[in-house]
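Undergrad: Provided below are the primary sequence and the corresponding predicted coordinates.
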Amino acid sequence: MTTQYCLEGGQLVGADHWFPDDAYDFDWGSAGPAIGCNRLVCTECKTRVRQCVGLEVKPNARVESRVLAGLTPSHWNRIDTLTVSTTGRVYACQCAVYVMHGARRMAGAGGDPLHGPRVPWRCGGHPVVDTPSAVDGVAVDANTDWREVAAHVFRGTLPAHRPWIGLEDKRHPAFWLARLVVLVSDPAVRDAVASAAADCLADSDLYLRRGAINFFRFHPLAPGAERVTHLWSTRPTLFDGVQDPDRARRTLARYAREVVDARISKGCTDAIEFAKTALHAGRGEYSFLYRLQQVDPSWLHTHVRQLASANPHLSDAMEEMVEGD
């Protein structure tokens, strides 16, 4: 693995979203910040797409791509048809110009190019992070104590400088560590990082526990994710009724359920069995029903009346399943 490509052809971002400085950062489809592609190339003129933040085209004006092509982006503000913008970013190759506000992938929703920006640009590929190396000042090598790094990340003390904008760290306390797993090329490092996160799932420090669950929300198939279902079934008080210390009305059980849901959808046996056991015990979630309907509909339909009796809060949903069978 030497080159990685942005999801759906890459993403254009305005001034209020993250345009990374490092070539290795790419849009991997996370639930974190929008990530602008800094390696866009034009499929028609075959040149790299350049950009300048804080500009937009004046009303009823236009700017020619050939004009921008003759200047470095830092001098684009000299063009009289462009004006200062708090939200805009101007992109240009030798044959096209586009002004972006907000964020949008080139291929649009569901990978449909008709719903993306109408310019012939695509991600040209991003290098991976090899080891030994450093990311945001944190060493990435065989000697790194990933358990210690994970603890600092989950407490918000690493890295010293977080390069992105458009992300509420309290909402995604594990984003930096989850991003590292995607960027690094060494599978041993990726597994070590995931294992370190899993080791925090039962920690007495609530911030570490919350961070660990959030890590597996990003990577529900990473090694150690199965420990979420194991701990939730054997030590439910780690998650049930435990409030997120920074987000009102959010509990660790809610985050754990999202991990389980994702694993059910991927056919993971541990999550499927956990959901079935919870439903039999009267602790079912609607999301469990929905996903079991997808992965094991015959089991669900066989037990639907028994499960409805055990889970009266889900009886209407189960009745619909019976009627629709």
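TA: Structure received.
Undergrad: how about the residue nearest to A192 when sequence neighbours are not counted, what does it touch?
TA: Excluding the flanking residues, the one nearest A192 by Cβ to Cβ, 6 or more residues apart in numbering is W146, at 5.0 Å. Bear in mind the C-beta positions are built from the backbone N, C-alpha and C, glycine included. W146 is in contact with A192, V193, S195, A196, counting by Cβ atoms under 8 Å, 6 or more residues apart in numbering.
Undergrad: repeat that with 7 Å
TA: A192, V193, A196 (Cβ atoms under 7 Å, 6 or more residues apart in numbering).
Undergrad: for N77, same thing?
TA: By Cβ under 7 Å, 6+ apart, the neighbours of N77 are L55.
Undergrad: Recalculate using a threshold of 8 Å.
TA: C52, L55, V84.
Undergrad: For PyMOL, write a command that selects the buried ones of those residues.
TA: Buried subset of these, written as a PyMOL selection, criterion 16 or more other Cβ atoms under 10 Å:
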select buried, resi 52+55
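Undergrad: quick one: contacts for R250?
TA: Q243, D244.
Undergrad: What are the buried residues along stretch 305-324?
TA: L307, A308, A310, N311, L314, A317, M318, M321.
Undergrad: now the last one, what's its secondary structure?
TA: M321 carries the three-state label helix when classified by DSSP: H, G, I helix; E, B strand; the rest coil.
Undergrad: all strands of the stretch 101-250 of the chain, in order?
TA: 103-105, 121-123, 126-127, 133-135, 138-140 (DSSP state E, counting those that start in this stretch).
Undergrad: Centre of the chain to the second one, how far?
TA: It refers to strand 121-123. With Cα atoms, centre = their mean, to the nearest Å as the basis, strand 121-123 stands 20 Å off its chain's centre.
Undergrad: Give the partner strands of it in its sheet and their orientations.
TA: As defined by DSSP bridges, the strand partners of strand 121-123 come to strand 40-42 (antiparallel).
Undergrad: The very next helix or strand once past the strand it pairs with pairs with which strands, parallel or anti?
TA: Next helix or strand after strand 40-42 toward the C-terminus (DSSP states H and E): strand 50-57. With DSSP bridges as the test, strand 50-57 is paired with strand 82-92 (antiparallel).
Undergrad: and among the strands of the stretch 101-250 of the chain, the most buried is which?
TA: By mean neighbour count, with neighbours taken as mean count of other Cβ atoms under 10 Å, strand 121-123 ranks first of the strands of the stretch 101-250 of the chain at a mean of 23.
Undergrad: quick check: mean pLDDT across that one?
TA: Strand 121-123 shows a mean pLDDT of 96.
Undergrad: go on, stretch 151-164?
TA: Mean predicted confidence for stretch 151-164 is 92.
Undergrad: Quick one: end-to-end length of that stretch, please.
TA: 20 Å (Cα to Cα, to the nearest Å).
Undergrad: can you pull the buried residues of it?
TA: In stretch 151-164, counting by 16+ other Cβ under 10 Å, buried: A151, H152, V153, F154, L158, W164.
Undergrad: And the contacts of the helix or strand of the chain with the lowest mean pLDDT?
TA: Lowest on mean pLDDT, DSSP states H and E among the helices and strands of the chain sits helix 315-324, with a mean of 77. Residues from elsewhere that reach helix 315-324 (Cβ under 8 Å, 6+ apart): Y286, L289, Q293, L300, H301, V304, R305, L307, A308, N311.
Undergrad: Next: stretch 164-174.
TA: 16-18, 20, 31-35, 153-154, 156, 162, 175, 197, 207, 210-212, 214-215, 217-218, 246-247.
Undergrad: Any of those residues buried? List them.
TA: 16-18, 20, 32-35, 153-154, 175, 197, 207, 210-212, 214-215, 217-218.
Undergrad: re the thing from before, quick one: which of the buried residues of stretch 151-164 is nearest G125?
TA: Closest approach between the buried residues of stretch 151-164 and G125, by Cβ to Cβ: W164, at 20.7 Å.
Undergrad: Would you mind giving both backbone torsions of the closest one?
TA: Backbone torsions for W164, taken as degrees, to the nearest 10, come to phi -90, psi 160.
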